[in-house]
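# Attaching a predicted model along with its sequence, questions to come.
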Amino acid sequence: MAELPIVFECEPFAYAAAEKAVDITETNPYKRVDVEGTVFCDPTIEFVASQASTDINCNGKVIQVKTPQEIIGAGYPDTYSITLDCDAQLAYYTRPSGDKVACTELTKGPFPRLHVADNYIINSGVQSAEIRYRERWY
């Protein structure tokens with residue numbers, strides 16, 4: 001049996017020790033989020049839906065999330081939250097019991113990405129929303 005050596009040359013990112021969180025519930029006309037790292041970051045966005053569909057516009061790119069039927073049937077209680085994990089490209093909602101249910105198929109559009117410097121976010125169809133991110137550097 002022959003051996004084939006494989007050499008990896010990696011330049012990993014350095015991440016901020018603490019995650020930053022910004023309340024993006026009120027975005028009239030928009031909410032500015034400043035990223036101080038040297039490379040983009042993929043945030044986690046958690047929100048409580050108030051309509052059958054939620055739009056999140058980040059720097060002009062919109063992701064639409066249809067509210068799962070279970071939440072609509074329950075009357076949009078704030079005990080359910082929907083999470084967009086932009087790094088993993090996944091969407092899921094959390095039941096009051098803490099169970100997480102995948103709902104990526106209910107999304108349409110690109111997952112948001114925060115660029116270095118100013119980012120502008122607008123949303124519609126939320127009772128509350130928060131964006132969390134860890135800045136990173138080369």
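Arrived safely, thanks for sending. It should be emphasised that the depicted structure is a prediction, and the values quoted were computed from it without experimental measurement.
# For the protein, just list every one of the helices.
Using DSSP state H, the helices of the chain run over residues 69-73.
# I'd say Asp42 and Asp87 touch.
Yes: using CB atoms under 8 Å, Asp42 is in contact with Asp87, at 4.0 Å. C-beta here means a position set from N, CA and C on the backbone, and glycine is covered the same way.
# more crowded one of the two?
Set Asp42 next to Asp87 and count neighbours by other CB atoms under 10 Å: Asp42 wins out with 17 against 14.
# for that one, what are its contacts?
By CB atoms under 8 Å, 6 or more residues apart in numbering, the contact list for Asp42 reads 86-87, 111-114, 133.
# wait, which of those residues is closest to Pro68?
Closest approach to Pro68 among the contacts of Asp42 (CB to CB): Phe111, at 17.6 Å.
# Against Glu135, how distant is Thr44?
For Thr44, the distance to Glu135 (CB to CB, to the nearest Å) stands at 14 Å.
# ok, now Ile45?
Relative to Glu135, and taking CB to CB, Ile45 is found at 16 Å.
# Neighbour count: the two, which is higher?
Ile45 (26 against 22).
# Who wins on neighbours among the contacts of Asp42?
Among these, Tyr133 has the most neighbours (other CB under 10 Å), with 25 neighbours.
# I'd say that one and Thr44 touch.
Yes: between Tyr133 and Thr44 there is a contact at 7.3 Å, judged by CB under 8 Å.
# Specify the beta-bridge partners of Ile122.
On the basis of DSSP bridges, Ile122 is bridged to Asn57.
# Tell me which residues touch it, please.
Ile122 neighbours (CB under 8 Å, 6+ apart): 27, 29-31, 56-57.
# rerun that using 10 Å as the cut-off
24, 27-31, 55-60, 62 (CB atoms under 10 Å, 6 or more residues apart in numbering).
# With pLDDT, distance to Pro12 and neighbour count added, can I get these in a markdown table?
Output for these, formatted as a markdown table (pLDDT from 0 to 100; distance: CB to CB, whole Å; neighbours: other CB atoms under 10 Å):
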| residue | pLDDT | distance to Pro12 | neighbour count |
| --- | --- | --- | --- |
| Ile24 | 96 | 29 | 22 |
| Thr27 | 87 | 33 | 18 |
| Asn28 | 86 | 39 | 6 |
| Pro29 | 89 | 38 | 6 |
| Tyr30 | 95 | 33 | 14 |
| Lys31 | 96 | 30 | 18 |
| Asp55 | 97 | 34 | 16 |
| Ile56 | 97 | 29 | 26 |
| Asn57 | 97 | 31 | 18 |
| Cys58 | 97 | 25 | 25 |
| Asn59 | 97 | 26 | 14 |
| Gly60 | 96 | 30 | 7 |
| Val62 | 98 | 31 | 15 |
